[in-house]
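Undergrad: Have a look at this fold, sequence not included:
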């Protein structure tokens, strides 16, 4: 049932994309730093969407790597603290008289 629902959603998205592409078949000039390209509006929008998604993923990966580095550092501190605690527990207590 779940696979069928996923398949139906994919078909609907594809049909929506095709209808969008057909409705926006006008050619537009896309100016960028190195030149100009005439492309269908739907293709220009799709390219902008893909470029935005790639930039978002790269930004997220940078933050994720920083957090992983912090987790590694904190785990090392916990390991060192646990080691020190176990060593302190092995020391005999001094009797005070």
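TA: Yes, it's here. Not measured: the values here are computed from a predicted model.
Undergrad: Quick check: which element contains the residue nearest to the spatial centre of the chain?
TA: For the chain, the residue nearest the mean C-alpha position is residue 57 (4.2 Å; Cα atoms, centre = their mean). Using DSSP states H and E, residue 57 maps to helix 41-90.
Undergrad: so what pLDDT did the residue nearest to the centre of the chain get?
TA: According to the prediction, residue 57 has pLDDT 94.
Undergrad: contact partners of the host helix or strand of residue 14?
TA: If you go by DSSP H and E, residue 14 is part of helix 2-23. Residues from elsewhere that reach helix 2-23 (Cβ atoms under 8 Å, 6 or more residues apart in numbering): 40, 42-43. The way it works is simple: take the backbone N, C-alpha and C, and place the C-beta from them, glycine included.
Undergrad: picking up where we left off before, so what's the gap between the helix holding residue 57 and the chain middle?
TA: Taking Cα atoms, centre = their mean, to the nearest Å, one finds the center of helix 41-90 at 10 Å from the center of the full chain.
Undergrad: Low-confidence stretches in this protein?
TA: 95-97 (pLDDT under 70).
Undergrad: same thing but at 80, please
TA: Along the chain, the model assigns pLDDT under 80 to residues 92-97.
Undergrad: So which elements touch the helix holding residue 57?
TA: Here helix 41-90 touches helix 2-23, strand 27-32, going by 3 or more Cβ pairs under 8 Å, 6 or more residues apart in numbering; DSSP states H and E.
Undergrad: could you list every residue that touches residue 28?
TA: Going by Cβ under 8 Å, 6+ apart, residue 28 touches 38-41, 44.
Undergrad: Just flag the most distant two among these.
TA: 38 and 41 (10.7 Å; Cβ to Cβ).
Undergrad: follow-up on the earlier one: among the contacts of residue 28, filter down to the buried ones and hand me the ChimeraX syntax, if you would.
TA: The buried residues among these can be selected in ChimeraX (16 or more other Cβ atoms under 10 Å) with this line:
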select :41,44
